[in-house]
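Trainee: model the following, please.
(3 chains, ligands or ions: 2)
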Amino acid sequence: MEALLNQFFNLDIMARALPLVLTGLKQTLLLCIVVIPLGLAGGLLVALLSLVPWRVFRWATILAIDFFRAVPPLVLLIFVYSGLPFAGIRLTPLAAVAVAFLLNNSSYYGEVYRAGIESVGRGQWDAARSTGLTLTQTLRNVVLPQAIRNVLPDLISNTVEVVKLTSLASVIALPELLYSADMARSLTFNTSPIVLAAGFYLLMLWPLVRLVSRLERRIAS
Amino acid sequence: MTGPILDIRGLRKSFGHVEVLRGIDLAVKPQELVFIIGPSGSGKSTLLRCCNRLEEPNAGTILVDGVDLMDRRTNINAMRRHIGMVFQSFNLYPHLSALSNVSLALRKVVKKSRAEAEALALTALERVGLREKAKSYPSELSGGQQQRVAIARALALEPTIMLFDEPTSALDPELVGSVLGVMRELKQDGMTMLVVSHEMRFARDAADRVIFMDHGLIVEEAPPSQIFTSPREPRTRTFIAELTR
Amino acid sequence: MDTWSRFLDTFFKPELIRQYLPSIAAGTVTTIEIAFAIVVTGILLGLVLAVLRTFRILPVNMMLVACVDIMRALPPIVLVLLVYFGLPNIGINVPSFAVLWIVLSLVLAAFAEEILWAGILSVPKGQWESARSTGFGLFSTLIYIVLPQAVRLTVPPLTNRTLAITKNTALGTVIGVPEILNQATTGQSFSGNATPLMMGAIAYVILFIPVVALGRFLETRFRWSRA
Ligand SMILES: Nc1ncnc2c1ncn2[C@@H]1O[C@H](COP(=O)(O)OP(=O)(O)OP(=O)(O)O)[C@@H](O)[C@H]1O
Ligand SMILES: [Mg+2]
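Mentor: Ligands and ions are numbered 1, 2, ... in the order given. This is a model prediction of the structure:
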């Protein structure tokens, strides 16, 4: 028991690792600020592309979405970071993360938006178009506000996944939260820094996870 | 003599291989209230939806106030605001208040300022007797009130013609009267209207002409007094007998 | 050399494809084995937890929800590293493939529990009451009446979530499990060419695209049947 406490909850070591872990936390937050808006915007674009009336175009988009949902994000990340340089495309870790996760997250967010848009009935389109609103105005003012509200739990829960995904950046040595914690672990031969990092992830994500459960339950009932 | 507000000639529409409208000719004069009746699936809704190109016709011409809707150069969105449409299922925007439902197109299509749009929207709500419900959301309104807001939404854009697709058939019987009352007032104010409905009493009181449609064609048209008491065509007779039974 | 042949030479070099096909294939088998184990244990455990939750024993449920939330909120790679580096230091040695299996099973169980529980809640109260009134016990009501209805509703989200979590087998590469990505990156660094990595990516696509398609199919099917 004591060994367990000492190995996982060693406050002394946590305190020493804290500054390093905090710089990592800052990087993680920075990553989130880059990756989440990119994914939200890319996803919207993908959703709109997968709804256009030209069939070939729509299928191509859906194929691309499914492709990026089939490839593990870590594979995508390593491919972009260490595969593309062989083709002469060299990206910084941050850029590699941004590109790889844009592809991955746009597919996931895109599916969420699409479900939302499809959940808005045809009557809403009819009503808006019959008053002369253009396609874009109908989307912006009538359909999307309802669509987003209908899939809000999925949007939040996908965002939780995106934040979790940023931890993969540690694999390509981007000094974010997990990377710094793991560095502290290898310096101290103690797992407590990783527990500390886990604590920060919980701090960021637990409220969102609870919120999602709440919202989903309210929609179910 | 003024020309018709709505002039439909040779209108045809197919869904896949099924021809739903098989050559419709119909003219609606200013201030006229034309009633359309007919069995389910006869193409009544499709006809109305073609009149503002929510459905794309396959052939024929549609003139609204002399403007050819089918012409490429016609700005369909600019025209649509002059063609008010009221749906069976109301189709109010659930995320917007009654006031915003009515003012949205005024702001986005007519490009009025928010204040101006809201003032006009309030006037329109006043006309349907719901000024005090401006702040309410659709979910807080009864079916009859929702449909009146929907009428106000079309009315606020000052349409030259209004299309009604079974405006009362989703309503509980006791709520039908309030909607018909509003439509009656519109008629008195000189609005041109094309109405799909099976409210026979209203048709008898208010309609100038009744059109009976079946299988995508106009079978018979006559003033209400005539069509309800002595229809010419056997099909019309059967249908009206069914309705009034 | 023109661009096209340079592209082929970088990502699809024939000799390297031939050379690394066996190891990528071996990695694929490993990935399939671990993924299969994760799906079985994860979903079963999730089901057990969801059933446990219906008994509504307050302290048990509080514990359960807390653990499930933690598993849902933490990135799987954090859990993997925690277990992989932590356990040996307190004298418990677990092979790395088992670390991956245990951690991802727990994560899947947490998500499955949440999805199944939402499904159970969505079954109308009247179903419970009519079953109980005809003499079913709590447990048999659950097994014969509620779960069959709940499962129908939960199959599409469960499929998608299971896919997302089994894709995390790629994390094995971080702790030295010889799965696809591990074989591919090893091949890449030995050959100094991106072909093995491309092969790995393709292996994942071949492996998982059918599941993605299945998820899509289930989603549309269930949407129609509900409408
Ligand atoms: N979008 C569509 N795609 C395919 N078929 C359609 C579509 N809309 C209508 N139809 C078909 O066209 C025919 C006419 O439909 P329409 O809605 O115009 O009839 P209606 O006279 O309004 O009937 P009701 O009284 O039931 O409202 C029907 O057979 C219907 O199934
Ligand atoms: Mg109809």
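Trainee: which stretches of chain B form strands?
Mentor: With DSSP state E as the criterion, chain B has strands at B:6-15, B:18-28, B:33-37, B:59-64, B:67-68, B:83-86, B:161-165, B:193-196, B:209-214, B:217-222.
Trainee: so B:D7 sits against B:I62, correct?
Mentor: Yes. Taking CB atoms under 8 Å as the definition, B:D7 is a contact partner of B:I62 at 7.4 Å. Heads up, the C-betas are built off the backbone N, CA and C, glycines and all.
Trainee: more crowded one of these two?
Mentor: Neighbours per residue (other CB atoms under 10 Å in any protein chain shown) separate B:D7 from B:I62, with B:I62 holding more: 23 against 18.
Trainee: can you tell me the closest non-neighbouring residue to the residue in chain B that chain C sits nearest to?
Mentor: For chain B and chain C, the shortest gap (CB to the nearest CB) falls at B:S89, measuring 15.2 Å. Excluding the flanking residues, the one nearest B:S89 by CB to CB, 6 or more residues apart in numbering or on different chains is A:G123, at 5.4 Å.
Trainee: buried sites along whichever strand or helix holds that neighbour?
Mentor: Following DSSP states H and E, one finds A:G123 within helix A:122-130. By neighbour count on 16 or more other CB atoms under 10 Å in any protein chain shown, the buried set for helix A:122-130 is A:Q124, A:W125, A:D126, A:A127, A:A128, A:R129, A:S130.
Trainee: considering these, which is situated nearest to C:T10?
Mentor: A:W125 (46.8 Å; CB to CB).
Trainee: thought A:N141 was touching that closest one, still the case?
Mentor: No. Judged on CB under 8 Å, A:W125 makes no contact with A:N141 at a distance of 11.9 Å.
Trainee: and residue 47, what helix or strand is that in?
Mentor: Using chain A here. In this structure, A:A47 is located in helix A:11-49 according to DSSP H and E.
Trainee: wrong one, I was asking about chain C
Mentor: helix C:14-54.
Trainee: so that helix, near chain A or not?
Mentor: No. On the criterion CB under 8 Å from any CB of the partner chain, helix C:14-54 is out of touch with chain A, staying 9.7 Å away.
Trainee: who are the packing partners of that helix?
Mentor: helix C:58-73, helix C:96-122, helix C:147-166, helix C:180-191, helix C:195-226 (3 or more CB pairs under 8 Å, 6 or more residues apart in numbering or on different chains; DSSP states H and E).
Trainee: state the distance from the residue nearest to B:S89 to B:R232.
Mentor: Using CB to CB, to the nearest Å, A:G123 is found at 36 Å from B:R232.
Trainee: for chain B, give me the ranges with low pLDDT.
Mentor: For chain B, the stretches with pLDDT under 70 are B:1.
Trainee: I'd like the distance from the lengthiest helix in it to the chain centre, please.
Mentor: Using DSSP state H to define each element, chain B has its longest helix at helix B:173-188. Centre-to-centre, helix B:173-188 and its host chain are 13 Å apart (CA atoms, centre = their mean, to the nearest Å).
Trainee: just checking, what packs against that helix?
Mentor: If you count contacts as 3+ CB pairs under 8 Å, 6+ apart, helix B:173-188 packs onto helix B:143-155, strand B:193-196, helix B:200-206.
Trainee: does ligand 1 have contacts with stretch B:11-22?
Mentor: Yes. Interface with ligand 1: stretch B:11-22 contributes B:F15, B:V20 (CB under 6 Å from any ligand atom).
Trainee: excluding its backbone neighbours, what's nearest A:K164?
Mentor: Using CB to CB, 6+ apart, the closest residue to A:K164 is C:P75 (3.9 Å).
Trainee: show me the contacts for that neighbour.
Mentor: With contacts defined as CB atoms under 8 Å, 6 or more residues apart in numbering or on different chains, C:P75 is in contact with A:K164, A:L165, A:T166, A:S167, A:L168, A:L178, A:Y201.
Trainee: would you turn those residues into TSV with secondary structure, pLDDT and neighbour count?
Mentor: As requested, the contacts of C:P75 are exported to TSV (DSSP: H, G, I helix; E, B strand; the rest coil; pLDDT from 0 to 100; neighbours: other CB atoms under 10 Å in any protein chain shown):
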residue	secondary structure	pLDDT	neighbour count
A:K164	helix	96	19
A:L165	helix	95	25
A:T166	helix	95	25
A:S167	helix	96	23
A:L168	helix	95	28
A:L178	helix	94	28
A:Y201	helix	96	23
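Trainee: hmm, which two among these are most spread apart?
Mentor: Maximum pairwise distance in those, criterion CB to CB, is 12.9 Å, between A:L168 and A:Y201.
Trainee: separation between whichever residue of chain A sits closest to ligand 1 and A:L49?
Mentor: In chain A, the residue that lies nearest ligand 1 is A:R122 (8.6 Å; CB to the nearest ligand atom). Relative to A:L49, A:R122 is positioned 20 Å away (CB to CB).
Trainee: same check on A:P153?
Mentor: Applying CB to CB, the value for A:P153 to A:L49 is 24 Å.
Trainee: what pairs with the residue nearest the centre of chain B across the strands?
Mentor: Note on chain B: the residue nearest the mean C-alpha position is B:L163, at 1.6 Å, using CA atoms, centre = their mean. Beta-bridge partners recorded for B:L163 (DSSP bridges): B:M85, B:L194.
Trainee: same thing with B:E221?
Mentor: Residues in beta-bridge contact with B:E221 (DSSP bridges): B:I211.
Trainee: count the neighbours of it for me.
Mentor: 18.
Trainee: least trustworthy helix or strand in chain A by mean pLDDT?
Mentor: Lowest on mean pLDDT, DSSP states H and E among the helices and strands of chain A sits helix A:2-8, with a mean of 83.
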